[in-house]
Structures are given as C-alpha cells and as structure tokens.
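J.: 3D, please:
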Amino acid sequence: MKLIENETKFTHKSMPSWGVGIFRESDGTYITIDFENAGIKKFGMKSIGTTLMVVEEKAEKVVAESKPISQTTYVPVNAQNGALIQYDGESGSIAGKNIIEAFEGNDSVIFNESYIIIGEYTEALKIHAMYDLTIMGDVTAQECVVNGSLTVIGNARIKNITCQNGFICKGDLYSEKVYVGGNLIADSVVCDELICDGNAAIQTTANINQVAQIAKTIVACEGIMGAGKFTAQNAIANEYFEFDGDYEGKILELETDETICDTVPQNSDSYDTVEDVIALANKKLTEEYGKCSSLDEEQLIDHLRFLSGIENKELKVLPIVEPLFSKLADLSYKSRIETIEEYLTVLVAKELLPDEVFSYESIEHIGKLYLSKAHDEISNLIFEPTTIEQFARVLSMAVKFEEELSDDWEIMMDMIFESVGLKYSTVSSMIRRNKPKETETTVPSGPQPVSSDATMDDAPKTDAPHMKKSDFLAKKLSHAGKKFGLTDVELERMATIKIRTFDDLVNASDETLTKVFGKKVFLADHLIQTRDKIIEKLVDME
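T.: Below is the predicted model:
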C-alpha cells in the first residue's frame, strides 16, 4: 500500500491505549509512527496489517453515521469462530429498553445489559446474556447462557441451554442439554437432557431421550415420552406417559386415570447428617466449576464471586477463590514470578483452588512454567513489605509451607525477616527461649527505686523528619512505585498514557486509570486503590 507522510493513520492491535498514530517517515525497512498517547515508535514494514492496522477515514465516517448511538464493541478472533461482539447498552433505548435487530452469523455475542432482539430469525455461535434476554422470533445457536430470564417468541434450536431463572419458549424447543434454574414454559420440548429446578409446563409433548430431572411438577397437555431416567415430584400427562427406563415420583396419566408411579424421588429424601449436606453441596459446586471453561475471564471472576458469597463454615475456601484467581490473572501478564509474596500466593492457589480454576487457560502457564522456575531461583526473589499487614500475611503463608519447601524454607525465612532488619536465626532462638517459666512471684514489701533505664524509656521520642509533599510528588513511579505495591505491568501501562510521577497518578481520574487496562476494567481496581492510599499519605506531609 502507499503510505503518505503525515496523513496515513494506524492503530496498534495489542495496545489500543496508544491511540491513533500518524505515519511520519520510512527508510525502506522501518517506518516511524507518532502515536498520540505513546509518542514516536519504529516498526518493520511487515508489521503493517498484522500489528499495525490502517485507519480508514471513510469507514469511520460511515460507522459514525449509520450507528450514532451504538454501544457495541467488536474484538476480532479467528475466522473459524467468527467475532466476539459485546453489547453494552444503547443511549437511545426505547422506553428504557435496549432493543436491537435480529442478526445472523457465526459470532459469539455477549449482552452486558438486558436486551430485546426483534426479527424473524436470529443465529449465532454462542449467546451469553448477563441479565434478561428476550428474542422475538426463531433462534439457532450452539450455546446460550443467560444469567437472568430467557424468553423466545418462536422456535429455539440451541444445542446447550443454561438459564439461571425462568425460561419461556412460545414455540418448539430442540436441544441436547437444557438447564433451567426457575420455571420452564414451552410449546413442546425435544432434548436429551432436561434439568429444571422449578416447575415445567409443556403445551403439547415432552420428548426426553436420556435424563429428565424436574425438581417440582411437570405438566404436559398431550404427553410425556422418551427413555433413560425420569425424576419429578409430580408428573401429569393428559393423554399418555410412555417412558422407557427408570422413573421416580408421583406420575399420573389423566386420560386413563392411572397412577403409573407413586414414589418419592431419591433427591427429595431428608439429609440426616452434615456429611450428606456437604456431599450434596460439593456435587453442585462441581457442576458450577464445570462451567468455567465456557466463560471468558471477566465472566469467570463474576461467577466465582457469586459462589464465594455462599455462607457455609464447612466450605471455608469459597470466599478466597475469587481473590486468588484475580491475583493470578494480574500475575499472568508478567514474564515470571519476581517476589516471595507472588511465589507463596501461587503455592496457596495450587493447594486451594479447584483444578478447573487453577488450570484456566489464561493462567495455567503460571503453574506449569513460572512456579518451577521460581522454586529453582528462590534466592533471587525479592520481598520489600510496605505494611505490617503485608509482612504478617507473607510470613503466615511461608509458615504453612515449611515441609513442602524443605531446605529452601529457611532461605526464604531469612529473606522475609531481613526485609525488616532481622535474622531468622535470631528470631527463632528468641522464640524458643520465650517458653513460660514456672517461678514464684513475690510482692515487694516497700517502695522500689525507679531504674535509670525506665526513665530513659519514658522520655519522649522525637519523630523522624517528614518528606515534603512537593518532593514526594516529583518522584518517578518507576523508582518508588513498587513500594506502594504497583506492578511492572501497571507501571508500563501508565507510562503509555504519560503517568510517570506520583503527581501524575494522584491527579488521574478513575476513568483515566480504567483506560490503562482497556476492556479488563477489573484489573484497574488495584490501581485506583493504590492511588487512594497515596492520597491518604499526602495528608501527613507538609
């Protein structure tokens, strides 16, 4: 392509925060691009079309004119799976509702707000709705996950359906696996597996080929048929119940007035022991963790946070699953484990996190590559605590891994105590000598003289001189930022948008700091918290 100096514009595929860059010059092998947020950068000619994407002025104008209120975000993925499309809400919604036209394609679509899709036919590879979703027409997809309620005004052909609340299908439902957390209403159902935690009302027939598990009552106005295993509290078939296999529950066939089965489903038995209840909880958790591989990173964190909200003293690990995963997600952007705290955090995560979470695709290289390398180079790790809480936390983690680390454990303990000017051997010997002594206490008969040492201890101590606020704000983040817990990744990202000193950081807004991590907004929380701590520190300075 022909490059025009000072006119041709590019964006960097992996660093959108750099903004738009303008082509300045070329020496035949390299080109120089001046980015609005990152300054001048050099690239090889082969980078055009791969790393550097040309900004088409006309295309931008067409998009701006055709969708002035669009809040959609497009992220290219491989051609086989189409694109990942996110809908974040429309500023020009109708009566407070987000409404879009039906679409067809091989894309994965994420709705971050409640949406209504209007059109004769909707098709996608995957559909994920964070809240409620209504589809006015027929729909076809390989997978559909809805965290709220799902309504389809038409036929639904979806291979795997997961709906956390109620599901209404005004047409015929064809699927392999269906899970509904609330009530199910459909014209007819044909599937291999149906699990419903509420009631199910079927206008005509339910044809289930492998497993039917209805927590409450299922009513079919024509009949129920299939094979495999059928379980329900109550099942009412108006004309026929023709199921080849095992079935449990109270099953009635109204046309013949016949009670086909009158048993109590096994999963309805009372649980007499704590072990039975925990076993049931673990079974359900295994099902929930099995969903991890189908979620993206942000959705996984939301899913784990939901699970961690379950209050059960016997399931103590749940509240720390999400914080541990978030720390590993931050660490995954680095090239190696650099500190003792990071090393011990990975060890704790390996021990406590479920395998499905610890082996999640975006962090699995930490356990497979980083951990063994850090263990071999443990003496090269650093530890510079900035708070007593951080020191205590790391020390507590280290104590738990004494047996696992063996000879390396004392090396690590030396490094931890040296960070506060002590030697582990000295502390250890002092603790051993601090065993309680069985001695008689005597009450002195008269007044005792006050020792000179006590007088010295009671003397007022002078405070260490404080650093001036202006001197502190002028400091570069690259020199002193790590003392406040800032990571190399955060420092590099901030440098791209010209946040290089403490003054720059404390004056940066939440919105500016969020832009540092692009779509991974959750990673900006640590940056915002660090900024707030630094602002608090400024109050004590002159």
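J.: got any ranges where the chain has weak pLDDT?
T.: Across the chain, residues meeting the criterion (pLDDT under 70) sit at 1, 14, 56-81, 90-93, 265-278, 309-317, 433-467, 479, 518-523.
J.: for Met413, grab the count of nearby residues.
T.: 21 (other Cβ atoms under 10 Å). Glycine gets a C-beta too; all of them are placed from N, C-alpha and C.
J.: okay, stretch 258-267 in PDB with CA atoms only?
T.: What follows is stretch 258-267, C-alpha atoms only, in PDB (Å, rounded to 0.1, in the frame of the first residue of the first chain):
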ATOM      1  CA  GLU A 258     -53.900 -44.300  36.100                       C
ATOM      2  CA  THR A 259     -51.200 -43.700  38.600                       C
ATOM      3  CA  ILE A 260     -48.100 -45.000  36.800                       C
ATOM      4  CA  CYS A 261     -45.800 -44.400  39.700                       C
ATOM      5  CA  ASP A 262     -46.100 -43.200  43.300                       C
ATOM      6  CA  THR A 263     -42.700 -43.000  44.900                       C
ATOM      7  CA  VAL A 264     -40.600 -40.200  46.500                       C
ATOM      8  CA  PRO A 265     -37.700 -39.200  44.300                       C
ATOM      9  CA  GLN A 266     -34.300 -40.100  45.800                       C
ATOM     10  CA  ASN A 267     -33.100 -36.500  45.700                       C
END
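J.: please tell me how far it is from the chain's geometric centre.
T.: 42 Å (Cα atoms, centre = their mean, to the nearest Å).
J.: which residues are contacting that stretch?
T.: Here stretch 258-267 makes contact (Cβ atoms under 8 Å, 6 or more residues apart in numbering) with Gln213, Thr231, Ala232, Gln233, Phe241, Tyr247, Glu248, Gly249, Lys250, Ile251, Leu252, Glu253.
J.: domains in the protein, by residue range?
T.: 9-59, 70-268, 274-382, 398-432, 469-538 (automatic domain parsing).
J.: quick one: which of those domains is nearest Leu3?
T.: Closest approach to Leu3 among these (Cβ to Cβ): domain 9-59, 5.2 Å.
J.: give me phi/psi at Tyr333?
T.: Per-residue torsions, Tyr333: phi -80, psi -10 (degrees, to the nearest 10).
J.: helix/strand/coil for the residue lying closest to it once chain neighbours are set aside?
T.: What sits nearest to Tyr333 in space, not counting adjacent residues and going by Cβ to Cβ, 6 or more residues apart in numbering, is Val489, at 4.5 Å. With DSSP: H, G, I helix; E, B strand; the rest coil as the basis, Val489 sits in helix.
J.: tell me if I'm right that Val489 and Ser332 touch.
T.: No - applying Cβ atoms under 8 Å, one finds Val489 not in contact with Ser332, separated by 9.6 Å.
J.: on that earlier part again, out of the domains of the chain, which is the most enclosed?
T.: domain 70-268 (a mean of 18; mean count of other Cβ atoms under 10 Å).
J.: can you list the strands that the helix or strand harbouring Val189 pairs with?
T.: Using DSSP states H and E, Val189 maps to strand 184-196. Paired strands of strand 184-196, with direction, are strand 167-174 (parallel), strand 177-180 (parallel), strand 200-202 (parallel), strand 205-220 (parallel) (DSSP bridges).
J.: Glu298 is nearest to which of the ones you listed?
T.: Using Cβ to Cβ, the strands paired with strand 184-196 put strand 177-180 closest to Glu298, at 21.8 Å.
J.: CA-only coordinates of that closest one in CSV, if you can.
T.: Listed next in CSV are the C-alpha coordinates belonging to strand 177-180 (Å, rounded to 0.1, in the frame of the first residue of the first chain):
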residue,chain,number,x,y,z
LYS,A,177,-28.9,-30.2,27.2
VAL,A,178,-31.2,-27.8,29.0
TYR,A,179,-30.8,-26.4,32.5
VAL,A,180,-33.4,-24.0,33.9
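J.: what does it contact?
T.: By Cβ under 8 Å, 6+ apart, strand 177-180 touches 159-163, 166-167, 184, 189, 191-198, 200.
J.: if we can go back for a sec, need the domains of the chain in a markdown table (columns: distance to Glu389).
T.: Formatted as a markdown table, the domains of the chain follow (distance: least, Cβ to Cβ, whole Å):
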| stretch | distance to Glu389 |
| --- | --- |
| domain 9-59 | 32 |
| domain 70-268 | 34 |
| domain 274-382 | 12 |
| domain 398-432 | 13 |
| domain 469-538 | 11 |
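J.: list just the one of those that sits closest to Ile388.
T.: The nearest among the domains of the chain, by Cβ to Cβ, is domain 398-432 at 9.3 Å.
J.: what about the closest one, how long is it end to end?
T.: 19 Å (Cα to Cα, to the nearest Å).
J.: how about the nearest residue to Val348 once chain neighbours are set aside, what does it touch?
T.: Nearest residue to Val348 in three dimensions, chain neighbours excluded: Met397, at 5.9 Å (Cβ to Cβ, 6+ apart). The contact partners of Met397, by Cβ under 8 Å, 6+ apart, come to Leu344, Thr345, Leu347, Val348.
J.: so which of those residues is the closest to Ser478?
T.: Closest to Ser478, out of all of the contacts of Met397 and judged by Cβ to Cβ, is Thr345, at 23.7 Å.
J.: which residue packs closest to that closest one, ignoring adjacent ones?
T.: Once flanking residues are discounted, Thr345 sits nearest to Lys327: 5.5 Å by Cβ to Cβ, 6+ apart.
J.: now do the contacts for Asp302.
T.: Contacts of Asp302 (Cβ under 8 Å, 6+ apart): Met130.
J.: what helix or strand is it on?
T.: Using DSSP H and E, the element containing Asp302 is helix 297-308.
J.: on that earlier part again, gap between the residue nearest to Tyr333 and His526?
T.: Plainly put, Val489 is 10 Å away from His526 if you go by Cβ to Cβ, to the nearest Å.
J.: which neighbours do those two have in common?
T.: Counting by Cβ under 8 Å, 6+ apart, the residues touching both Val489 and His526 are Asp330.
J.: quick revisit: which of the contacts of Met397 fall within helices?
T.: When DSSP state H defines the helices, the subset of the contacts of Met397 inside them is Leu344, Thr345, Leu347, Val348.
J.: distance to Ile320 added to these, as TSV?
T.: Listed next are the ones in helices among the contacts of Met397 as TSV, based on distance: Cβ to Cβ, whole Å:
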residue	distance to Ile320
Leu344	14
Thr345	11
Leu347	14
Val348	8
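J.: let me know the helix or strand that the residue nearest to Val348 is in.
T.: Judged by DSSP H and E, Met397 forms part of helix 388-400.
J.: from Glu36, how far off is Ile4?
T.: 18 Å.
J.: related to what we said a few turns ago, list the contacts of the residue nearest to Tyr333.
T.: With contacts defined as Cβ under 8 Å, 6+ apart, Val489 is in contact with Asp330, Tyr333, Lys334.
J.: quick one on the thing from earlier: out of the strands paired with strand 184-196, flag the one nearest Gly226.
T.: Comparing the strands paired with strand 184-196 against Gly226 with Cβ to Cβ, the closest turns out to be strand 205-220 (4.0 Å).
J.: any idea which helix or strand comes after that closest one?
T.: Next helix or strand after strand 205-220 toward the C-terminus (DSSP H and E): strand 223-237.
J.: what strands line up against that next one, and which way round?
T.: In its sheet, and by DSSP bridges, strand 223-237 pairs with strand 205-220 (parallel), strand 240-253 (parallel).
J.: wait, which of the ones you listed is closest to Ser428?
T.: Across the strands paired with strand 223-237, closest to Ser428 is strand 205-220 (Cβ to Cβ), at 57.2 Å.
J.: so how far is that closest one off the chain centroid?
T.: Strand 205-220 has its average C-alpha position 34 Å from the chain's average C-alpha position, going by Cα atoms, centre = their mean.
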